[in-house]
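Enquirer: Below: sequence and its predicted model.
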Amino acid sequence: MKKTINVLIACYNEEENVVPLTEALTKIFNEQLSAYDYHITFIDNCSEDNTRPLLRELCEKDKHVRAIFNVRNFGHIRSPFHGMQQSLDGDCTILMCADFQDPPELLPRLVELWEEGYLVVYGKKTRSKESKLMYALRSMYYKEMKKASDVEQISQFTGFGLYDKSFVELLAKIDDPYPYMRGLVAEFAGKKIALEYTQPKRRAGKTKNNMKTLYDMGMLGVTSYTKKYLRLATILGVVFAGLSCLGLLTTLILNLCTNLPISYMTYLVEGLFLFNSIILFFIGLSGEYIMFINQRSMRRPLVSEELRLNFDTEEQK
């Protein structure tokens, strides 16, 4: 009996890419991975362009192509994670984006490493044709996360890779409405290996990643896997409290022991600005932690589906 490979593709407003990507993947399976059965599953985050009509056409033409339509845009974190949990009818799941920045031609190598016994084969960017500034900022973030986290984090990993069914089943058991996929792979994946590649430019269309989405992902990693910054706030609070006491004691001694007129108003104002800035920063950081705790405590579902196409039971949700 053939093994089944599920390719999961999260998309939003990708009308220029879904058809070429499906054609590229179908060709790879027919020519290089013909020993396997396969499904190409798109999970669409309520696209506002022609993506959904194109996905309907693809599903009508080819039963290997499946689609899940969400009732609204649930974001780039929750939607792919939900899609992975719907891919348990295969022996492994390959997670990739619709913009060709996760190269389809790497699929045979992913499968080859999986057949060698690796449960997770994750894509690791060694170079990128995206903005050099953005790549540098990502590198700085990953380095800081490695230092701050108790779990060894994977650098330059965006989620692209192959996941064995046993690992996908483990993810399905994790009751987290706002999961940090990169951290989960680093923490829970068993035998894993990196597949290094150069990330190409987006094939067509506009990137959906902006400062807001990147900030969301970055803060999700910080709040999920680090304690360092909250502890730093406590340490700085103790240090500055000690310095303040020392300053008051020094002022008192000088006033008692000398007749010099001492004005500390300038230093006092500057010190207040400094201390208040630090306090505001850590209040904001604490707020981020509280926000993610609140999101997790509400136990909301990852997404709400509107429709499924070409699944075993094709029905309106």
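Expert: Okay, I see it. Numbering: from 1, shown residues only.

Enquirer: Does residue 89 touch residue 6 like I think?
Expert: Yes. Residue 89 lies in contact with residue 6 (CB atoms under 8 Å); the separation is 7.3 Å. C-beta: built from backbone N, CA, C; applies to glycine.

Enquirer: Direction included, what does the helix or strand harbouring residue 40 pair against?
Expert: According to DSSP states H and E, residue 40 maps onto strand 37-44. Using DSSP bridges, strand 37-44 pairs in its sheet with strand 4-11 (parallel), strand 65-70 (parallel).

Enquirer: Residue 111 is nearest to which of those strands?
Expert: Among the strands paired with strand 37-44, the nearest to residue 111 by CB to CB is strand 4-11 (6.8 Å).

Enquirer: where do the helices sit along the protein?
Expert: Using DSSP state H, the helices of the chain run over residues 18-31, 51-61, 75-85, 107-115, 132-148, 165-173, 181-188, 211-225, 228-257, 265-297.

Enquirer: So between residue 89 and residue 6, which is more surrounded?
Expert: Using other CB atoms under 10 Å, the more surrounded residue of residue 89 and residue 6 is residue 6, with 26 against 12.

Enquirer: What are the buried residues along stretch 104-114?
Expert: In terms of neighbour count (16 or more other CB atoms under 10 Å), stretch 104-114 has its buried residues at 104, 106-107, 110-111, 113-114.

Enquirer: you'd agree residue 13 is up against residue 47?
Expert: Yes. The criterion here is CB under 8 Å, and residue 13 meets it with residue 47 at 4.9 Å.

Enquirer: Now do residue 246, the pLDDT please.
Expert: Looking at residue 246, its pLDDT reads 70.

Enquirer: typed the wrong thing, it's residue 252
Expert: Per-residue pLDDT puts residue 252 at 63.

Enquirer: cool, and the one 3 residues further on?
Expert: Listed pLDDT for residue 255 reads 64.

Enquirer: Repeat that for the one 4 residues further on.
Expert: According to the predicted model, the pLDDT of residue 259 comes to 64.

Enquirer: How about the one 4 residues further on?
Expert: Residue-level confidence at residue 263 comes out at 60, pLDDT.

Enquirer: cool, and residue 281?
Expert: Reading off the confidence values, residue 281 has pLDDT 68.

Enquirer: still on that earlier bit, can you check which residues contact both of residue 89 and residue 6?
Expert: residue 39 (CB atoms under 8 Å, 6 or more residues apart in numbering).

Enquirer: Run through the stretch 1-150 of the chain and note the low-pLDDT ranges.
Expert: 1, 129-135, 137-139, 141-142, 144-150 (pLDDT under 70).

Enquirer: let's see 80
Expert: Across the stretch 1-150 of the chain, residues meeting the criterion (pLDDT under 80) sit at 1-2, 75-76, 127-150.

Enquirer: Can you report how many residues neighbour residue 30?
Expert: Residue 30 has 10 neighbouring residues, counting by other CB under 10 Å.

Enquirer: Let me fix that, I meant to ask about residue 71.
Expert: 13.

Enquirer: quick one, what contacts it?
Expert: 46, 303-306.

Enquirer: distance of it from residue 81?
Expert: Applying CB to CB, to the nearest Å, the value for residue 71 to residue 81 is 17 Å.

Enquirer: Go through the contacts of residue 71 and name the one nearest residue 170.
Expert: Nearest to residue 170 out of those is residue 303 (CB to CB; 19.8 Å).

Enquirer: what about that closest one, neighbour count?
Expert: Residue 303: 24 surrounding residues under other CB under 10 Å.

Enquirer: show me what contacts residue 87?
Expert: When contacts are counted by CB under 8 Å, 6+ apart, residue 87 touches 6, 8, 39, 41, 93, 168.

Enquirer: Thought residue 41 was touching residue 4, still the case?
Expert: No. Look at residue 4 against residue 41 with CB under 8 Å: they stay out of range, at 11.6 Å.

Enquirer: So between the two, which is more surrounded?
Expert: Taking other CB under 10 Å, residue 4 and residue 41 do not tie; residue 41 has more neighbours (26 against 16).

Enquirer: does that one really touch residue 10, like I thought?
Expert: No. Between residue 41 and residue 10 there is no contact under CB under 8 Å: 9.7 Å.

Enquirer: Overlap of the contact sets of these two?
Expert: Both residue 41 and residue 10 are contacted by residue 83, under the criterion CB under 8 Å, 6+ apart.

Enquirer: which intervals of the stretch 151-300 of the chain have sub-threshold pLDDT?
Expert: Scanning the stretch 151-300 of the chain for pLDDT under 80 picks out 151-156, 175-183, 187, 201-300.

Enquirer: Just give the number of residues close to the nearest residue to residue 56 once chain neighbours are set aside.
Expert: Nearest residue to residue 56, sequence neighbours excluded (CB to CB, 6 or more residues apart in numbering): residue 309, at 6.8 Å. Using other CB under 10 Å, residue 309 has 19 other residues around it.

Enquirer: No further questions, thank you.
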